[in-house]
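Chemist: structural data only, the sequence is not supplied:
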């Protein structure tokens, strides 16, 4: 068994975060969350639904683009993934740009469905590999979607966790704020503090993120890599090489 | 060519009323309007759409039960047919019952889509074979759908004509009220007056409803009867006998 | 439920007394075999939501005293005449009646489908339905420059949607073709119970030419196989209605006594050959 | 139009300057051949509505100066990186930007589909999108007992919906499979123009197993046959994207000059082999 790749660690962590979910949806261009969801499905009783937007093979929606959003509002989607060009300590996310709108110094693609799904999906996992003060800021310049809402707002959903290339955080909606759950192998609390622009709770000696066990790793490198290649052939090839070769490692 | 049946006259009149329509929808259990629409389609350039609710062969909707209503609101349905247990001189229709709701002395099935389609379809043809003071009343006991609306109401639709077993009326939305356009062969103005419970405008010597010419009659008894039998086999057999036999008359 | 495949009686048992139960119109796929199972188990206090009308199914449930509230745009046996048990129940005021209009039922379901409290809807203004449905509101359109009233109807969120379809696959996907009101019902309802003509081995998602007509399994909580499960009504594209049986019902149900005799002989006590 | 079958240039000519033009997202069926025809004819002043996002199609139209207003939830080339002409246009403020969120675009189209002035929508409260979209309103839910804000978005009624689908039949029905956002676009738009891989002889309404995925002809105003009409994007269930062509575009379009060269060589001036 070769060394564990960062992508493999993240895939395993995501599968763990999805624990009891029955229906997980994954946005377009999200290979690691997609692989995490497929891994969790492979580990379960076979009845978990995974819908990858933009895929045909891994997508069971039949009512068009609106179905994801309706399905979320029905309470039928347990988990979704959001990213952000900026994420702040209140869980606010910014997918629009740096600086004052509309004269942004840096402009990103746009808010996608974040302003809606963040309100409606109970377990939103914030996923951003780059862990830097550029991304994790004290206050976002534009709120694509807010981390929390007042009691007058109908809001069954919100952030559950933040996963980066260095660490895993939980989000506490009551406080509100992030709490460091574990630091990935190879990083220290100091690394996290230096690269995070907002304050977060943490143990004095935080745990290390548990790497995937050999069985999980075999699952990732075998069937999950193969399934992923249907929708993300370029990602699958870059990370795993040819799925057949990986399965034989 | 045998004698013209009442149903055949009504079918021919309906086809004439549908003159320039591009898309006509017909509710369930409406064989005469359905036949009138199919006749008009057969007489045209082949691009007129006829959608019969509850039919598969004569129905091109693919978005479920809501599509008729959405399509009407889009302005894409030119004509529809409504009936009424009671119809009054303001064009109000009652499909709920006689007497005070909910203690109706007589209860009918209910309002169906009338409260919506009457507002949205530009050419609603009121069709009721029974021509009596029981049906055509001074004022309906329950307004399932109003004949007219104030200027504050977004209302592109409304009544265009009233066709009965005795006569054809136009509806004038400005006045508002009905005007007798023609009396069916075999009836007189006096018959109409005696059997109509509301006032209506008329010529001193009204025209007689023009019966279908031989070519139209042949169309009705041949291809239209055959098409109708797909959706209304019992009606088609009662009126036309076996379509093959009719076509050979 | 983890296993969606159950029998008709288990399916009927999964519809509790007092449920808000959504059923489709006669030509859309009516679960008549399941309705007989419901009658056998003596279901009570239903809030029946007809999408957007009903016929013999609602009339039978009303006749057996199973319906407390009836929300519908119409009840009729169509070519077979008025629905006698419905008419009688309104005369004796034994059910609470919520008269509607077809698109308002669809709009209410679509509101629930989107998790919304209400949906705006065109038309209706000037109809006495507004008077007898105080749960329907009129507001001034916030987007109009001049005063412009518009109706809002509240969400309809059924506890259970119940219908009959031609096919299900082994994964629990249901093929509903272009009868998409069944999909809206399933989206809107908390749980969806379905009877099908046949459960088949093929995977409905294997061929994109056919996926468009599929209700995905994650909306479906129970499936019972019921061949000719819409009988005596027709199932679009599969079989025609049974004219003799519908005529017999329409005649028998004209009196309470006639309905009882019909029920004992055909409606519930004797399971149909297929059940 | 009485005859729906036209060629690509006639289809492009049927989209007037200044039109509000709705286009689907990259994986839904993008009319790229028609877009090249639009560029050739020098279309201007479009109000582009992306349903609910776009990629290379919007980027090319923006790059050629064809877009006055851009209403979208995102513009991105996905795996190929940011959309360079979009980014540049925002930097130079050369287009009017209406940032949205995906379900709000769907809700606006559904409002138009229903002839409604607005649709309510969950979520969005607390987002800065509410600040920069003054056409979105917040009202107090009239059905709630305690104060409960809810967002209303106005109807989006495109002048033209434009997309690419696998098949049309001779009657002008278009097979869109389960990409039902294309149906919503057609319902919402005044006119719908479609390119298809092939026009086929079979009647799409002949077999109920296939009708569920059909956009009926009465919503369709023009159809042009365009084999590989989504190229270089993929067409679901038909062909994959052209990675080399998309990479080349992403690289070239990083500069205005590179984009112009790309456009002269590949984007518009030279009709594709298939056109």
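Modeler: Everything's here; your move. Note that the structure is predicted; figures quoted are calculated from it, not measured.
Chemist: who are the contact partners of residue A:230?
Modeler: Applying C-beta atoms under 8 Å, 6 or more residues apart in numbering or on different chains to residue A:230 gives the contacts A:55, A:57-58. All C-beta spots, glycine's among them, are computed from the backbone N, C-alpha and C.
Chemist: so, low pLDDT: which residues of the chain?
Modeler: You didn't say which chain, so I picked chain A. Residue ranges of chain A with pLDDT under 70: A:1, A:242-249.
Chemist: right idea, wrong chain: chain C
Modeler: C:1-2, C:267-275.
Chemist: can you tell me which residues contact the nearest residue to residue A:106 once chain neighbours are set aside?
Modeler: Spatially, and ignoring its direct neighbours in sequence, residue A:106 is nearest to residue A:98 (4.1 Å; C-beta to C-beta, 6 or more residues apart in numbering or on different chains). By C-beta under 8 Å, 6+ apart, the contact set of residue A:98 is A:85-86, A:104-106, A:141.
Chemist: if you set the cut-off to 6 Å instead, what comes out?
Modeler: A:104-106, A:141 (C-beta atoms under 6 Å, 6 or more residues apart in numbering or on different chains).
Chemist: got it, and residue A:63?
Modeler: Contacts here follow C-beta under 6 Å, 6+ apart; on that basis residue A:63 touches residue D:180.
Chemist: burial count for residue 199?
Modeler: By default, I'm working from chain A. 11 (other C-beta atoms under 10 Å in any protein chain shown).
Chemist: meant chain C actually
Modeler: If you count neighbours by other C-beta under 10 Å, residue C:199 ends up with 16.
Chemist: of the contacts of residue A:230, buried ones?
Modeler: A:55, A:58 (16 or more other C-beta atoms under 10 Å in any protein chain shown).
Chemist: now do the helices in chain A.
Modeler: Along chain A, counting by DSSP state H, helices occupy A:6-17, A:31-43, A:67-73, A:114-120, A:189-195, A:214-219, A:225-231, A:233-240, A:243-247.
Chemist: tell me the most buried of those?
Modeler: Sort those by mean neighbour count, taking mean count of other C-beta atoms under 10 Å in any protein chain shown, and helix A:114-120 sits at the top with a mean of 29.
Chemist: which residues in the chain form strands?
Modeler: This is for chain A. In chain A, the segments counted as strands under DSSP state E are A:23-26, A:49-52, A:79-82, A:86-88, A:93-94, A:97-98, A:106-107, A:123-128, A:136-137, A:159-164, A:167-172, A:177-183, A:207-208.
Chemist: um, chain C though
Modeler: Using DSSP E, strands in chain C cover C:20-24, C:46-51, C:67-72, C:96-99, C:118-121, C:137-140, C:149-154, C:160-169, C:174-175, C:191-200, C:214-215, C:222-225.
Chemist: circling back to that earlier point, distance to residue B:32 added to the helices of chain A, as JSON lines?
Modeler: Formatted as JSON lines, the helices of chain A follow (distance: least, C-beta to C-beta, whole Å):
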{"stretch": "helix A:6-17", "distance to residue B:32": "63"}
{"stretch": "helix A:31-43", "distance to residue B:32": "56"}
{"stretch": "helix A:67-73", "distance to residue B:32": "40"}
{"stretch": "helix A:114-120", "distance to residue B:32": "48"}
{"stretch": "helix A:189-195", "distance to residue B:32": "77"}
{"stretch": "helix A:214-219", "distance to residue B:32": "66"}
{"stretch": "helix A:225-231", "distance to residue B:32": "55"}
{"stretch": "helix A:233-240", "distance to residue B:32": "60"}
{"stretch": "helix A:243-247", "distance to residue B:32": "65"}
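Chemist: near chain A, which residues of the stretch 1-150 of chain C are found?
Modeler: Contact residues (C-beta under 6 Å from any C-beta of the partner chain) of the stretch 1-150 of chain C with chain A: C:113-115.
Chemist: which of those are buried? Put it as a ChimeraX command.
Modeler: Only the buried entries of these go into this ChimeraX selection, using 16+ other C-beta under 10 Å:
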select /C:113,114,115
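Chemist: which of the residues of the stretch 1-150 of chain C next to chain A fall in helices?
Modeler: Per DSSP H, the residues of the stretch 1-150 of chain C next to chain A map to helices at residue C:113.
Chemist: got the residues of chain A near chain C?
Modeler: Residues of chain A lying near chain C (C-beta under 6 Å from any C-beta): A:23, A:49, A:60, A:62, A:70, A:73.
Chemist: so which of these reach chain D?
Modeler: Subset of the residues of chain A next to chain C in contact with chain D: A:62, A:73, counting by C-beta under 6 Å from any C-beta.
Chemist: picking that back up, quick one: closest of the strands of chain A to residue C:132.
Modeler: Taking C-beta to C-beta, strand A:23-26 is the member of the strands of chain A nearest to residue C:132, at 39.8 Å.
Chemist: the residue in chain A positioned nearest to chain D: neighbour count?
Modeler: Residue nearest to chain D within chain A: residue A:64 (3.0 Å; C-beta to the nearest C-beta). Using other C-beta under 10 Å, residue A:64 is surrounded by 22 other residues.
Chemist: the residue lying closest to it once chain neighbours are set aside and residue D:29: what is the separation?
Modeler: Closest residue in space to residue A:64, ignoring its immediate chain neighbours: residue D:180 at 3.0 Å, by C-beta to C-beta, 6+ apart. Using C-beta to C-beta, to the nearest Å, residue D:180 is found at 11 Å from residue D:29.
Chemist: okay, and the beta partners of the residue lying closest to residue A:192 once chain neighbours are set aside?
Modeler: Once flanking residues are discounted, residue A:192 sits nearest to residue A:167: 5.1 Å by C-beta to C-beta, 6+ apart. Counting by DSSP bridges, residue A:167 is bridged to residue A:183.
Chemist: and the gap between residue A:167 and chain B?
Modeler: 47 Å (C-beta to the nearest C-beta, to the nearest Å).
Chemist: also residue A:201?
Modeler: 50 Å.
Chemist: count the neighbours of the residue nearest to that residue when sequence neighbours are not counted for me.
Modeler: Closest residue to residue A:201 apart from its sequence neighbours, by C-beta to C-beta, 6+ apart: residue A:179 at 4.0 Å. For residue A:179, the count of nearby residues is 16 (other C-beta under 10 Å).
Chemist: kindly report the same for residue A:20.
Modeler: 10.
Chemist: pull up the gap between the nearest residue to it once chain neighbours are set aside and residue A:13, please.
Modeler: Distance criterion C-beta to C-beta, 6+ apart; nearest residue to residue A:20, sequence neighbours excluded, is residue A:78 at 7.8 Å. Separation of residue A:78 from residue A:13 (C-beta to C-beta): 17 Å.
Chemist: can you name the residues of chain A sitting close to chain D?
Modeler: By the rule C-beta under 6 Å from any C-beta, the part of chain A lying against chain D is A:29, A:54, A:56, A:62-66, A:69, A:73, A:101-102, A:107, A:109-113, A:115-116, A:119, A:142-143, A:145-146, A:149, A:152-153.
Chemist: in the sheet, who's paired with residue C:214?
Modeler: As for beta bridges, residue C:214 partners with residue C:175 under DSSP bridges.
Chemist: residues contacting it?
Modeler: Shown in contact with residue C:214 (C-beta under 6 Å, 6+ apart): A:62, C:173, C:175, C:204.
Chemist: one more pass at 8 Å, please.
Modeler: A:62, C:173-176, C:204-205, D:178.
Chemist: neighbour count for those residues - can I get that in a markdown table?
Modeler: A markdown table is the format used below for the contacts of residue C:214 (neighbours: other C-beta atoms under 10 Å in any protein chain shown):
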| residue | neighbour count |
| --- | --- |
| A:62 | 25 |
| C:173 | 24 |
| C:174 | 29 |
| C:175 | 23 |
| C:176 | 28 |
| C:204 | 24 |
| C:205 | 20 |
| D:178 | 25 |
